[in-house]
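# coords please:
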Amino acid sequence: FVQVTMAQKHSFKLSFFSKALKVFNIPEDGAWKVEVGFLVPLEELARLEISRIEDSGALEKNGGKRGDEAMQVDVVGVSIMQSGDQK
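Okay, here's the model as predicted:
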């Protein structure tokens, strides 16, 4: 999963991902490993804070480790071009 944010603080709601897996009929048997990444503007990369984790353990059956969810997230900074920018 990829979450895009411009916020400096972002909560991490694991139940959202768990519900999405159910909607897509992905079984909780460990065959699928869930990985989550945040895309943030490059200039906000150093300031992004995952402020709280909700529903810790919701993804345990898909590769998540209760209590370590914040450490399992990849955060990537991207350069965002505004309309009219040319490079």
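# Pretty sure R66 sits in a strand.
No: counting by DSSP: H, G, I helix; E, B strand; the rest coil, R66 is not part of a strand but coil.
# now the helices: where do they sit in this structure?
Taking DSSP state H to define them, one finds helices in the chain at 14-23.
# so where is it shaky, pLDDT-wise?
Per-residue confidence for the chain (pLDDT under 70) gives these ranges: 83-87.
# buried stuff in stretch 27-35?
Neighbour-count burial for stretch 27-35, counted by 16 or more other C-beta atoms under 10 Å, picks out V34. Where you see a C-beta, it was placed from the backbone N, CA and C, and this is true even at glycine.
# For V73, give its distance to V34.
Using C-beta to C-beta, to the nearest Å, one gets 11 Å for the distance from V73 to V34.
# can you check G57 too?
13 Å.
# and what of E44?
The value you get for E44 to V34, if C-beta to C-beta is used, is 24 Å.
# before we move on, what about R47?
26 Å.
# ranges for the strands of the chain?
Along the chain, the stretches classed as strands by DSSP state E are 2-4, 9-13, 37-41, 49-54, 74-78.
# overlap in contacts of G57 and V34?
Shared contacts of G57 and V34, defined by C-beta atoms under 8 Å, 6 or more residues apart in numbering, comprise G64.
# buried residues in stretch 11-23?
12, 14, 17-18, 21.
# Make TSV out of these and add distance to D29.
Below are those laid out as TSV (distance: C-beta to C-beta, whole Å):
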residue	distance to D29
F12	24
L14	18
F17	16
S18	14
L21	11
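# Going by distance to V40, which of the residues you listed wins?
Of all the buried residues of stretch 11-23, F12 has the smallest distance to V40: 13.4 Å, by C-beta to C-beta.
# Contacts only, for that closest one.
F12 neighbours (C-beta under 8 Å, 6+ apart): 36, 50, 52-54, 69-70, 73.
# now with 10 Å?
By C-beta atoms under 10 Å, 6 or more residues apart in numbering, the contact list for F12 reads 3, 36, 38, 50-56, 69-70, 73.
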